[in-house]
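1. Build me a structure from this.
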Amino acid sequence: MNFLDDHSRVAVASRVLKVATAPKVLEIFGQAGTTWGLPAALLTDNGCVYTTWHRGGPNVMQTELLAAGIDYRHSRPYHPQTCGKVERFHQTLKRWLAKQQGASSILELQGQVDRFVAYYNEVRPHRAVGRRPPRAAFDARDKARPSGPEDPGRCWGSGASLGGESPLPGTEPRLQCGGPQLLLDTSIC
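-> Numbering: from 1, shown residues only. As a prediction, this is how the structure comes out:
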């Protein structure tokens, strides 16, 4: 699971997951938001951990993004070029991992990924950002931030199934948005 800043290419989150679920992805996104700040927009592919509109309603990821005022966009189906920057990051990470000794556990693999991300963000010059490390490009520019909820009266909820608090920093949890069809268990899509 990887989240990249569009402008600087900073890897704001890179986690090894045995199984990706929408609540876990949202938790990782929230942790990245705490560390790096929440973005104005999020672009993803059409994986069911990100979007379930095509299945009749939003999932927890979509609902929380809306509540935080983060513009959510997804790529066209079967068009990976839309998410080309993160796809290129995946290639670079996989090539680097192929040169490492094989990990014997998810924890060991996460350690390898963490070492790569530290090098990628802080040391490795990136052609797309003027041969600077992504962190230098990230720090050099003002950040666009969420605009706030589009319609504060549209989404509400107690957050009980999310442990009583929102996984996104500075936001309230939302359980219902536009009707009661919110899918909280998206581990099976």
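2. Just the helices from this protein, written as ranges.
-> Defined through DSSP state H, the helices belonging to the chain, from first to last, are 22-36, 60-68, 84-98, 106-122, 134-139.
3. Go through these and pick out the most buried.
-> Per-residue neighbour counts averaged over each of those give the maximum for helix 60-68, namely a mean of 25 (mean count of other CB atoms under 10 Å). C-betas here are computed from N, CA, C, even on glycine.
4. What residues does the residue lying farthest from the centre of the chain make contact with?
-> For the chain, the largest distance from the centre (CA atoms, centre = their mean) belongs to residue 101, which lies 27.7 Å off. With contacts taken as CB atoms under 8 Å, 6 or more residues apart in numbering, residue 101 has no neighbouring residues.
5. re the thing from before, tell me which of the helices of the chain sits nearest to residue 45.
-> Of all these, helix 84-98 sits nearest to residue 45, with 8.6 Å by CB to CB.
6. and the angle from that closest one to helix 106-122?
-> Angle between the axes of helix 84-98 and helix 106-122 is 120 degrees (criterion: axes from the mean of the first three to the mean of the last three CA atoms, to 10 degrees).
7. List the residues that contact the residue nearest to residue 41 when sequence neighbours are not counted.
-> Across the structure, with CB to CB, 6 or more residues apart in numbering as the measure, the residue nearest residue 41 apart from its sequence neighbours is residue 71 (4.0 Å). Applying CB under 8 Å, 6+ apart, one finds that residue 71 lies in contact with 40, 41, 42, 147.
8. got the CA positions of stretch 53-64 in CSV?
-> Output for stretch 53-64, consisting of C-alpha atoms alone and laid out as CSV, is shown next (Å, rounded to 0.1, in the frame of the first residue of the first chain):
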residue,chain,number,x,y,z
TRP,A,53,-19.8,3.5,-5.7
HIS,A,54,-20.1,1.0,-8.6
ARG,A,55,-21.5,-1.5,-6.1
GLY,A,56,-24.3,0.8,-4.9
GLY,A,57,-22.8,3.2,-2.3
PRO,A,58,-19.6,4.6,-0.7
ASN,A,59,-17.2,2.7,1.6
VAL,A,60,-15.6,4.0,4.7
MET,A,61,-12.7,5.5,2.7
GLN,A,62,-15.0,7.5,0.5
THR,A,63,-17.1,8.6,3.4
GLU,A,64,-14.2,9.8,5.5
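9. Identify the residues contacting residue 123.
-> If a contact means CB under 8 Å, 6+ apart, then residue 123 has residue 133 as its contacts.
10. same thing with residue 39?
-> By CB under 8 Å, 6+ apart, residue 39 lies in contact with 5, 33, 70, 143, 144, 145, 146.
11. May I see the ChimeraX selection of the buried members of those?
-> This is how ChimeraX selects the buried members of the contacts of residue 39, with burial counted by 16 or more other CB atoms under 10 Å:
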select :5,33,70,146
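12. Please identify which of the contacts of residue 39 is nearest to residue 13.
-> residue 33 (9.1 Å).
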